[in-house]
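Would you be able to build a 3D model of this:
(one chain, ligands or ions: 3)
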Amino acid sequence: MKKTVTVRVWRGDGGRGALEDYRVEVSEGEVVLDVVHRLQATQCPDLSVRWNCKAGKCGSCSAEINGFPKLMCMSQAAQAVVGDAITITPLRAFPVIRDLVTDVSFNYIKAREVPPFQPAAGTRPGEYRMMQEDVQRSQEFRKCIECFLCQNTCHAIRDHEENMTAFAGPRFLMRVAELQMHPADVLDRRALAQDELGLGYCNITKCCTEVCPEYIKITDNALIPLKEQVISRKYDPLVWLGSKLLRR
Ligand code: SF4
Ligand code: F3S
Ligand code: FES
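Ligands and ions are numbered 1, 2, ... in the order given. Predicted coordinates for the structure are as follows:
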């Protein structure tokens, strides 16, 4: 079944832009990215859009469809038609480069602020032994495709650009949580999470979890356990006493 609908796309660059309407054919089974490609092929050869795998695995085609942050390649076009139109806009939290392409370099800056996996000194390859339970716990977080939909949606970033220097966002706090849970990692990142990466900005609204295309339970399985660890560091009297004594 084919029908022609209005595709309303944000066109412009970092300076100025506007929504523009085009009439585009949509077939049953197509995804929004197919429709964008048809628009490029037939009417707007200069329309900028970032994509790569068309399989929900590269994380490139993130955009807002009718205001909802989604992957364009995983969103059925027919279901996205509201009235007679599909509205496609760039991620709202990041600066527009052109049309649907945003500058997501904020995320790479934050990624570099998280110290990598650090095993105990002298551990050699082949000695990283861990329980299957521990493997499975962090496996969930490793499904992340870095689409940055969670980063775009968290209100602490989306509605408060001024927080961006102090808050790493759900994706990178999840990375900290993953490393904190790793039994072979010896670095304590709790102070970093709270003081440098802004864990306190997260007030557990769970919007990040709702938009994750990999269905990672970011809030329940990463952010809340990390908050619990940070609180135990701060308020456990023995931990507090230990840190005081060690500081002397
Ligand atoms: Fe995307 Fe989910 Fe990874 Fe966030 S956690 S970047 S929403 S895959
Ligand atoms: Fe933001 Fe997710 Fe926390 S949406 S407030 S990081 S639970
Ligand atoms: Fe790769 Fe959509 S094109 S996730």
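
what's residue 130 in contact with, if anything?
Contact partners of residue 130, counting by CB atoms under 8 Å, 6 or more residues apart in numbering, are 182, 183, 184. Glycine gets a C-beta too; all of them are placed from N, C-alpha and C.

Can you flag the buried ones in those residues?
residue 182 (16 or more other CB atoms under 10 Å).

can you put the contacts of residue 130 in a markdown table and add pLDDT?
Listed next are the contacts of residue 130 as a markdown table, based on pLDDT from 0 to 100:
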| residue | pLDDT |
| --- | --- |
| 182 | 93 |
| 183 | 90 |
| 184 | 91 |
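
show me where pLDDT drops low in the protein?
235-248 (pLDDT under 70).

what do you get if the cut-off is 80, keeping everything else the same?
For the chain, applying pLDDT under 80 flags the ranges 1, 233-248.

Ligand 1 contacts on that one?
Residues of the chain lying near ligand 1 by CB under 6 Å from any ligand atom: 144-150, 171, 211-214, 216, 218.

okay if I get the residues you listed as CSV plus secondary structure and neighbour count?
Formatted as CSV, the residues of the chain next to ligand 1 follow (DSSP: H, G, I helix; E, B strand; the rest coil; neighbours: other CB atoms under 10 Å):
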residue, secondary structure, neighbour count
144, coil, 19
145, coil, 18
146, coil, 16
147, coil, 26
148, coil, 24
149, helix, 27
150, helix, 27
171, helix, 24
211, helix, 21
212, coil, 22
213, coil, 21
214, coil, 17
216, coil, 22
218, helix, 28
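
Give me the most central residue, this protein.
Using CA atoms, centre = their mean, the residue of the chain that lies closest to the mean C-alpha position is residue 148, 2.6 Å off.

My guess is that residue contacts residue 171. True?
Yes - taking CB atoms under 8 Å as the definition, residue 148 is a contact partner of residue 171 at 6.6 Å.

ok, now how distant is the residue nearest to residue 161 when sequence neighbours are not counted from residue 213?
Counting by CB to CB, 6 or more residues apart in numbering, the nearest residue to residue 161 once its immediate chain neighbours are dropped is residue 93, at 7.9 Å. Remark: distance between residue 93 and residue 213 (CB to CB, to the nearest Å) = 17 Å.

now swap in residue 99 and tell me
22 Å.

Give me the distance between the two termini of stretch 8-27.
This stretch, stretch 8-27, spans 17 Å end to end (CA to CA, to the nearest Å).

Please apply the same query to stretch 44-62.
Stretch 44-62 end-to-end distance (CA to CA) = 20 Å.
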